[in-house]
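Colleague: fold the following for me, if possible:
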Amino acid sequence: MPQDLDFITVHRHRVTLSGVAFDPVREEDVIQRVLAALDAGQGGQIITPNVDILRRAYHEEECRNHIASSSLVVADGAPLIWASRIAGDPLPARVPGSDLIWSLSTALGDHGRSVYLLGGEPGTARLAAAVLRERFPGLTVAGELSPPFGFDTSEEQLAQICAEVTAARPDLVFVGLGFPKQERLIARLRPLLPRTWFMGCGAAIGFVAGVHQRAPRWMQRTGLEWVHRLLGEPQRLVRRYLIHDVPFALRLLAGSVRDRLRRRAHARTAPAPAVPPVRRIPAPRTAPPAHHRDPVGTGKRS
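Modeller: Below you'll find the predicted structure:
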């Protein structure tokens with residue numbers, strides 16, 4: 001049994017937002033931790049909550065459990081980074097799953113490891129696999145599968161999918177089925193592949209395949225990537241983003257302001273620590289000078 005790695009346990013500082021504990025890591029930290037865990041024979045799970053996932057976790061116990069069971073929880077959403085900074089406990093960077101699918105594939109290819117692509121519309125995973133094979137010659141794509149719509153309602157199809165992924169024995173599985181459907185499937189697969197890492201990556205497989213286009217860099221940097229997705233799929237996303245996520249994000253930021261002001265007020269009113277009294281140490285006794293001593297034991301001093 002491999003020795004537990006410190007960074008996979010909960011014994012580390014985490015940043016809490018709306019009751020969810022995030023790992024304060026950068027993209028390169030995630031890569032190093034996954035590689036180190038694989039070298040030690042340990043699997044795990046990466047989850048990348050954004051505003052929508054954080055909102056759902058606030059209301060739904062199942063979503064909270066998916067996050068709590070993950071090995072690494074990284075923030076995919078500019079409002080989460082802003083809220084942590086406002087609250088005075090900043091997350092160092094946004095770590096989107098749409099970036100990790102590229103950087104993790106690069107790193108695993110450099111180390112001769114393998115990935116499995118699971119998700120996307122029919123044929124999407126196959127297109128993405130071809131892109132990764134061409135881009136990273138050292139990477140083994142152990143398999144790809146785009147499950148049919150409604151697969152998660154059929155125990156037979158679920159068992160077949162799990163059997164196919166398990167037989168491939170990949171080092172890392174990218175599961176792009178949307179939250180929390182992808183996390184439900186990961187929860188079934190993890191006990192079958194204890195040395196494998198999993199990451200729910202939403203639409204990232206489609207981005208790699210070229211089926212969907214990510215927002216321009218300037219929109220990613222300014223926290224407007226959701227606007228790009230909304231314009232691309234208004235019928236599906238308008239209610240989620242405008243009715244649910246935007247108000248939740250505003251409440252999250254307002255809550256961070258209150259937390260910071262509360263901490264400042266507490267710091268001003270907290271009593272100063274008591275200073276212990278200074279103990280005076282008596283001077284050490286010194287022997288009399290040599291010319292005052294009785295050299296022959298007569299009882300007299302010279």
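Colleague: C-alpha only now, for contacts and for neighbours.
Modeller: Noted.
Colleague: grab the nearest non-local neighbour of residue 194.
Modeller: In space, residue 194 comes closest to residue 43 once its chain neighbours are excluded; the distance is 5.3 Å by C-alpha to C-alpha, 6 or more residues apart in numbering.
Colleague: hang on, that neighbour packs against residue 191?
Modeller: No - Residue 43 is not in contact with residue 191 according to C-alpha atoms under 8 Å; the separation is 9.8 Å.
Colleague: quick check: neighbours shared by these two?
Modeller: With contacts defined as C-alpha atoms under 8 Å, 6 or more residues apart in numbering, no residue is shared by residue 43 and residue 191.
Colleague: which one's more surrounded, those two?
Modeller: Neighbour comparison, residue 43 and residue 191: the larger count goes to residue 43, with 21 against 11 (by other C-alpha atoms under 10 Å).
Colleague: phi and psi next, for that one.
Modeller: phi -90, psi -170 (degrees, to the nearest 10).
Colleague: list the contacts of it.
Modeller: By C-alpha under 8 Å, 6+ apart, the neighbours of residue 43 are 37, 193, 194, 195, 196, 197, 198.
Colleague: run the chain-centre distance for stretch 234-254.
Modeller: 22 Å (C-alpha atoms, centre = their mean, to the nearest Å).
Colleague: same question for stretch 209-221.
Modeller: On C-alpha atoms, centre = their mean, the centre of stretch 209-221 falls 21 Å from that of its chain.
Colleague: average pLDDT across it?
Modeller: If you average the pLDDT over stretch 209-221, you get 87.
Colleague: end-to-end on that stretch?
Modeller: End-to-end distance for stretch 209-221, by C-alpha to C-alpha, to the nearest Å: 23 Å.
Colleague: ditto for stretch 54-64
Modeller: 9 Å.
Colleague: same question for it: list its buried residues.
Modeller: Going by neighbour count (16 or more other C-alpha atoms under 10 Å), the buried part of stretch 54-64 is 54, 55, 56, 57, 63, 64.
Colleague: so residue 186 makes contact with residue 201?
Modeller: No - in this structure, residue 186 is not within contact of residue 201 by C-alpha under 8 Å, at 11.4 Å.
Colleague: need the overlap of contacts for those two.
Modeller: Shared contacts of residue 186 and residue 201 (C-alpha under 8 Å, 6+ apart): residue 175.
Colleague: okay, now residue 155: neighbour count?
Modeller: Residue 155 has 10 neighbours, counted by other C-alpha under 10 Å.
Colleague: and residue 109, what's its pLDDT?
Modeller: 98.
Colleague: ok, residue 120 - contacts?
Modeller: Residue 120 makes contact with 146, 147, 176, 177, 203, 205, 206, according to C-alpha under 8 Å, 6+ apart.
Colleague: from those residues, list just the buried residues.
Modeller: In these, the ones that pass as buried (16+ other C-alpha under 10 Å) are 146, 147, 176, 177, 203, 205, 206.
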